[in-house]
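Student: Fold the stuff below for me.
(chains A and B)
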2 protein chains.
Amino acid sequence: MTDIRKALDSVARETDQWLGTLLPDGSGPESQLFEAMRYAALGPGKRLRPFLLVETGRLFDVDRKGLLRAACAIECVHTYSLVHDDLPCMDDDDMRRGRPTVHKAYDEATAVLAGDGLLTFAFELLADPGTHPDPRVRAALVLALAKASGAHGMVGGQMLDLVSENTAVDEVRIARLQQLKTGALIAAACEMGALMGHASADAMHAIMAYAKDLGLAFQIADDLLDVTGDADQMGKAVGKDAALGKATFVALLGADRARQQADHLAQQAQQHLAMFGARADVLRETASFVVERRS
Amino acid sequence: MTDIRKALDSVARETDQWLGTLLPDGSGPESQLFEAMRYAALGPGKRLRPFLLVETGRLFDVDRKGLLRAACAIECVHTYSLVHDDLPCMDDDDMRRGRPTVHKAYDEATAVLAGDGLLTFAFELLADPGTHPDPRVRAALVLALAKASGAHGMVGGQMLDLVSENTAVDEVRIARLQQLKTGALIAAACEMGALMGHASADAMHAIMAYAKDLGLAFQIADDLLDVTGDADQMGKAVGKDAALGKATFVALLGADRARQQADHLAQQAQQHLAMFGARADVLRETASFVVERRS
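Tutor: Residues are numbered from 1 along each chain as shown, chains lettered A, B, ... in the order given. Modelled structure (predicted):
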């Protein structure tokens, strides 16, 4: 587990450097917007989605600079979703990654606009020739990220989550909710890395199967951490899911069976990578990492 | 003025038909999201941005189906900005286009998500091969729309508007505010039509000069309507700008000089179109229309 943490930290550092360079900056009267976007995007975080994008792209020998620019784009989408989810009218969270949430550090209007700005900026980055020389790939990246994060993806999952509060839901619905809310963007990270490497249909199929299992394993592990985790280590409130009557696998299956399910999915994810041999070892270790992490 | 109204109505009808077909739909538990997106996007409206995109594209003989899909994308961005601007933490408006705003018809969380979904959907539409066969054009459309609507465009203008409330601002700052908040998206409509037609550098230059003057004329006319307009005809509250201490040209110049300025800009906009001859008559009439409209 040492190596994977090092690799994660390295991509996280590079992603943050690029984000720092690329994100809007300036000293005009509207600079509060740029500050809030930077505050949100450059806060502490694992940068799991950038990592998956970069490591998938590396399987296909994609230029690292382009991968990191695309990684910044997907991190901007992830960050915007957290900023909007934390709003008082949504999950109403005061803390995120150990710091005040954006609407607490600034105000609600700035948080709405910072989220809007980050989402828009993600597509600007992907469409820019600096991210990939092939316009067909750039358009495909935009399409993949938009589908994964839109009404039939992450935003739809967030709506499903809101209407599922305090409602009895079954395993099928929870799986769908998590697939939309978290899984779609994690899958998009891997898909985008593969798109940038002009992956064959077989390779793309294997990557997407890996990403789907990984995403679900990640979400179950996240739910477990909300039950068993330490608020200090997590940098945010724990036990909130249960308090809000949120639909989670842990609520439905209990912690033990949820843990088994996560481990099983992680192993299954690893098996999908057989065709890539030792080159995919980092992605294999990532699957173990997401279910064994403690924060 | 009869012809231009007919042409506007025709594009509006076609845009709404395409929006109805393209926007997410479905009966799942998260369908409230799709309903709210449709409620927002399909409400009454002039569809000025779609009209400008389609009419600019027609100068270059662009396929109408593609133009209408791109028109839907820019209308989704315009609509999302209205949904978020109307939120209680922003302008706190209860009525829009004669109907309850999205957070009134649904709730705040749904309004935030519907806006997010519409913005994301715009980029999905543009990146889709159905909008234009040339991937270079699709990537350029995404880039143009993202730049115009992001932190250095519309979202930045909204932030500038919020921090300018009850603040003494000069003409330069108001012009910049309006250029970002309204002008950038109006210019993007024309730019996107020209991009789809592979416009020459000279043609693009002329179109952008037209669009810039038109956008500012439109905003001054909008400010005038807020002072002199009729709430029933407008379908929303009037006199709000003054009540909120908003920075407008009318507040700074007075109604008479603002009206002169709008007329001057409309004429100037028309002159930029000389190279297109009679083909650009509809765009010329549009410039007159935006400063003479009563709602």
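Student: quick one: contacts for the residue lying closest to residue A:136 once chain neighbours are set aside?
Tutor: Spatial nearest neighbour of residue A:136, excluding adjacent residues (C-beta to C-beta, 6 or more residues apart in numbering or on different chains): residue B:135 at 4.2 Å. Placement of C-beta: from N, CA and C, glycine included. Counting by C-beta atoms under 8 Å, 6 or more residues apart in numbering or on different chains, residue B:135 touches A:135, A:136, A:138, A:139, B:129.
Student: For the third one, which residues are in contact?
Tutor: The reference is to residue A:138. A:126, A:127, A:128, A:129, A:131, A:132, B:135, B:139, B:142.
Student: Of the residues you listed, select the buried ones using a PyMOL command.
Tutor: Buried subset of the contacts of residue A:138, written as a PyMOL selection, criterion 16 or more other C-beta atoms under 10 Å in any protein chain shown:
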select buried, (chain A and resi 126+127+128+131+132) or (chain B and resi 135+139+142)
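Student: Sketch out the strands for chain A, chain order is fine.
Tutor: A:95-96, A:99-100 (DSSP state E).
Student: pLDDT at the residue nearest the centre of chain A, what is it?
Tutor: A centroid search over chain A (C-alpha atoms, centre = their mean) returns residue A:49, at 4.7 Å, as the residue closest to the centre. If you check residue A:49, the pLDDT there is 98.
Student: Redo the contacts of residue B:135 as TSV? Include pLDDT and distance to residue A:163.
Tutor: Output for those, formatted as TSV (pLDDT from 0 to 100; distance: C-beta to C-beta, whole Å):
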residue	pLDDT	distance to residue A:163
A:135	98	39
A:136	98	38
A:138	98	35
A:139	98	33
B:129	98	34
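Student: Return the closest of the residues you listed with respect to residue A:78.
Tutor: residue A:138 (20.0 Å; C-beta to C-beta).
Student: mind checking how far that closest one is from residue B:94?
Tutor: 41 Å (C-beta to C-beta, to the nearest Å).
Student: do the same with residue A:42
Tutor: From residue A:42 to residue B:94 the distance is 37 Å (C-beta to C-beta).
Student: and these two? which has more neighbours close in?
Tutor: Taking other C-beta atoms under 10 Å in any protein chain shown, residue A:42 and residue B:94 do not tie; residue A:42 has more neighbours (15 against 12).
Student: you'd agree that one is up against residue A:20?
Tutor: Yes - checked against C-beta atoms under 8 Å, the pair residue A:42 and residue A:20 is within contact range at 6.4 Å.
Student: Return the helix or strand in chain A with minimum mean pLDDT.
Tutor: The weakest-scoring helix or strand in chain A, judged by mean pLDDT, DSSP states H and E, is helix A:231-234 (a mean of 60).
Student: ok, back up a step: any idea which of the strands of chain A scores lowest on pLDDT?
Tutor: Across the strands of chain A, strand A:95-96 gives the lowest mean pLDDT, at a mean of 94.
Student: partners of that one, with directions?
Tutor: strand A:99-100 (antiparallel) (DSSP bridges).
Student: roughly how far is the partner strand from the heart of the chain?
Tutor: 19 Å (C-alpha atoms, centre = their mean, to the nearest Å).
Student: contacts for it?
Tutor: Against strand A:99-100 from outside (C-beta under 8 Å, 6+ apart): A:43, A:44, A:94, A:105, A:235.
Student: How about the third one, nearest residue that isn't a chain neighbour?
Tutor: Looking back up the chat, that one is residue A:94. According to C-beta to C-beta, 6+ apart, the nearest residue to residue A:94 is residue A:104 (5.4 Å).
Student: The first one now?
Tutor: Counting by C-beta to C-beta, 6+ apart, residue A:97 is the residue found nearest to residue A:43 once chain neighbours are left out, at 4.9 Å.
Student: so how many other residues sit close to that neighbour?
Tutor: When neighbours are counted by other C-beta under 10 Å, residue A:97 comes out with 14.
Student: Just read off the phi/psi values of it.
Tutor: phi 50, psi 40 (degrees, to the nearest 10).
Student: Off-centre distance for stretch A:256-266?
Tutor: With C-alpha atoms, centre = their mean, you get 20 Å for stretch A:256-266.
Student: got the buried residues for that stretch?
Tutor: So, applying 16+ other C-beta under 10 Å, buried residues of stretch A:256-266: A:258, A:259, A:261, A:262, A:263, A:265, A:266.
Student: these two touch, right, the first one and residue A:217?
Tutor: In this case it means residue A:258. No - applying C-beta under 8 Å, one finds residue A:258 not in contact with residue A:217, separated by 10.5 Å.
Student: Pull the contacting residues for residue A:15.
Tutor: With C-beta under 8 Å, 6+ apart, residue A:15 has these contacts: A:47, A:50, A:68, A:71, A:72, A:75.
Student: Apart from its chain neighbours, what residue comes closest to the last one?
Tutor: Nearest non-adjacent residue to residue A:75, counting by C-beta to C-beta, 6+ apart: residue A:50, 5.2 Å away.
Student: For the one you found, grab the count of nearby residues.
Tutor: 29.
Student: Now do the same contact list for it.
Tutor: A:11, A:12, A:15, A:68, A:71, A:72, A:74, A:75, A:189.
Student: 10 Å instead?
Tutor: A:8, A:11-12, A:14-16, A:18-19, A:67-68, A:70-75, A:78, A:189, A:193 (C-beta atoms under 10 Å, 6 or more residues apart in numbering or on different chains).
Student: With residue A:18 instead?
Tutor: Contacts of residue A:18 (C-beta under 10 Å, 6+ apart): A:50, A:65, A:68, A:69, A:71, A:72, A:75, A:125.
Student: Closest to chain B out of the residues you listed?
Tutor: residue A:125 (8.4 Å; C-beta to the nearest C-beta).
Student: which stretches of the stretch 101-250 of chain A have low pLDDT?
Tutor: For the stretch 101-250 of chain A, the stretches with pLDDT under 70 are A:230-239, A:242-244.
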